[in-house]
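Visitor: What follows is a protein structure lacking sequence information:
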């Protein structure tokens, strides 16, 4: 009897403890409505971001909204925390995820549609998206997530072409502007004849680079002037074709073969990764290569640190021949990647929309991109410039930018580097003048021979593409074909690159083309054309 | 008298030692290489050619990693977790294993069955998450210790060891008037050091290395463990390299360290402390404590 009573009491006690915890979690500081202060929980993807920064404080003053950041680092595991949240119904008020995960949340009914709220509270969102507004809409006609819109009409000043040539080589050749693969070959050959060894006696490697796609896919299509649709090219009638075996790409493979036959191609080129290729480049042994800017910047730091200013690299847009027209600088109208969605946990979601709407005003753009006047930027002669002292601090201390709040989850609503606000000045601090000011003297001198201020000036004006092929979902049954074809490609094309004569090259090339044709190329093209046309139909309807 | 070595024996010895040396080098080299990279100037490491010792020695990498204030608290929590978690886990597992090894315990069979079933059938990630959340253990330190307190696998290992102890040992204790606790702690445990050392090693290394429960259940910075904080540093350095679009290549920014170096530095930081556990446990593996416990 006594024991039973004790047991019962224990159970009641335990239950009350748990229920107390439950109710406490429910009203986590979201009591306020109307215009009072509200706090929302928000998933973030960088744990260095803190809400408590000067810039966010200003944002809170303007909108009355503050956020409680819940950082989730992607563990690389197949089931991440965000999935577990969804399955357990324990997600925060705001999630920031890639479209695929947003789709999962939508399917589970965890997200609220935003279009009515935007109609009511988001005039600036509508204004800035303009004719692209309907692109925000999901297939079912509702808007579930928000992201930025690209309003830039010029290439971002910090972008750069991916063909790189060492300063020393250019100096030796009298600073020619290299525009075609043939020119590049001649310049490299001339230099290599004169300087087969580096100053410290190592072999010079005229052309090297990373193995895989950065060796035999991306540069070829880039040189063919094609925008980056992955493996594909798209013609005027929205027909998708497999671009690797196209004649345009053949020219580049031929160029690699020519280098190889002249003994100018790195002998290890089929096995280099970012680290090993980087080691050769930072040792100053490589004369030219194809390296995207995001990799190149890391290498160049090391070159500069070593004081080898002449071993830095010029970046050119190099095309297969004079007749090719460059369409490779592609820009999409929106910057959809990690997108913001509001879950059904959020009370008064209109407050969040109001905050985002504020970010789409000039004032909001200046606040998140430039910061606070006098602290993070100054106005000199009517133009905004970065505050020199703050910039210095950011450069020397990696945590300074996050501590100020100048980087954070709201940067993605930026209009893009090179975009202008209504006041005629730039929306972000990454301006041509700023980028030019970060170059060392050698780089400035090299650029002056070409009459340019930044490497971005070597790129053509960006063209707006509705989307890039790789941003669309590849159908499940197309994936194995694409993977198989890529495997065949890398294997077969190595034979062509290593061919000892023209006839051998032709035979190897034709063999590769034939194998790819026989392994489902036509089917893949058909499927991808279907995907693309379906997208274009929706796009045309949305944009009109 | 010395044993004479034949020619074949000499060849065998030479080959044997050569093989073992190669094997040792293969095992140790990657670790030494990481040590060298972690002590090398990070931008110099980018140029490659760091093998056994650093080309340009620096402690800067360690300084930068430890610049992160969060690391001190995280280290203390990690140590607390490892020590407390291992101790509690060991006590609970041993008591359970002892109970289950006693033949006179009438629920022995059903409990054994339940435990073994739980080894093969688990709730899965999401139900486990829901359970932990509903009993209010998210965002608490105890989530590191309580859910994994008793591992069936370890209990079975300990129980099997207890099972093969001579029954006479325990009976002798009984005759001298020891109760169950005294029997367990004064008689059984002292002769079970090898198995305890093994389990201690398993559990402590597991606690030290684990980060997934941190990632999943605790979102607040003041509960993070060393492993998780280090992962954060690594992720941020990777992001800096890839997204430092505005980062000028002017000289001041050169002090930042590269992901490759951070990885090496962190590997050393997390590996070295746990290495110290081994020497303390080593002797228990070698000594046969059971020798002479019973006269048959």
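Guide: Perfect, I can see it now. As the structure is a prediction and not an experimental result, all values here were calculated from the model.
Visitor: Identify the residue nearest residue 159 in space, chain neighbours excluded?
Guide: If you meant another chain, say so; for now it's chain A. residue A:456 (5.0 Å; Cβ to Cβ, 6 or more residues apart in numbering or on different chains). Just so you know, the C-beta spots here come from the backbone N, C-alpha and C atoms, and that holds for glycine as well.
Visitor: ah, I was thinking of chain B
Guide: In space, and not counting its chain neighbours, residue B:159 is closest to residue B:97: 4.2 Å by Cβ to Cβ, 6+ apart.
Visitor: What count of nearby residues applies to the closest residue in space to residue A:150 that isn't next to it in sequence?
Guide: Nearest non-adjacent residue to residue A:150, counting by Cβ to Cβ, 6+ apart: residue A:416, 4.5 Å away. Look at residue A:416: counted by other Cβ atoms under 10 Å in any protein chain shown, it has 21 neighbours.
Visitor: Doesn't residue A:416 lie inside a helix?
Guide: No: assessed with DSSP: H, G, I helix; E, B strand; the rest coil, residue A:416 is coil; it does not lie in a helix.
Visitor: is it true that it touches residue A:153?
Guide: No: in this structure residue A:416 lies outside contact range of residue A:153 using Cβ atoms under 8 Å: 9.4 Å.
Visitor: on that earlier part again, got the contact list for the residue nearest to residue A:159?
Guide: Contact analysis of residue A:456 by Cβ atoms under 8 Å, 6 or more residues apart in numbering or on different chains lists A:155, A:156, A:157, A:158, A:159, A:160, A:432, A:435.
Visitor: Residues in contact with stretch A:123-142: which ones?
Guide: A:106, A:113-115, A:118-119, A:143-147, A:149, A:151, A:333-334, A:353, A:356-358, A:360-361, A:364, A:415, A:538-539, A:541-544.
Visitor: What is the neighbour count of whichever residue of the stretch 301-450 of chain A sits closest to chain B?
Guide: When scored by Cβ to the nearest Cβ, the stretch 301-450 of chain A has residue A:438 as its residue closest to chain B, at 2.9 Å. Around residue A:438 there are 17 other residues, counting by other Cβ under 10 Å.
Visitor: Can you name the next helix or strand after whichever strand or helix holds residue A:96?
Guide: For residue A:96, the element it lies in under DSSP states H and E is strand A:94-97. The first helix or strand that comes after strand A:94-97 along the chain, using DSSP H and E, is helix A:99-107.
Visitor: Contacts only, for the one residue sitting closest to the centre of chain A.
Guide: Centroid-nearest residue in chain A, with Cα atoms, centre = their mean: residue A:337, separated by 8.4 Å. Taking Cβ under 8 Å, 6+ apart, we find residue A:337 in contact with A:98, A:147, A:412.
Visitor: at 10 Å instead, please
Guide: Contacts for residue A:337 (Cβ atoms under 10 Å, 6 or more residues apart in numbering or on different chains) come out as A:97, A:98, A:99, A:147, A:148, A:412, A:471.
Visitor: swap in residue B:89?
Guide: B:145, B:148-151, B:154, B:199-200, B:202-204, B:206-207.
Visitor: Let me have those residues in CSV, adding distance to residue A:225 as columns.
Guide: Shown next, in CSV, are these (distance: Cβ to Cβ, whole Å):
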residue, distance to residue A:225
B:145, 61
B:148, 58
B:149, 64
B:150, 65
B:151, 61
B:154, 64
B:199, 65
B:200, 65
B:202, 60
B:203, 61
B:204, 60
B:206, 55
B:207, 57
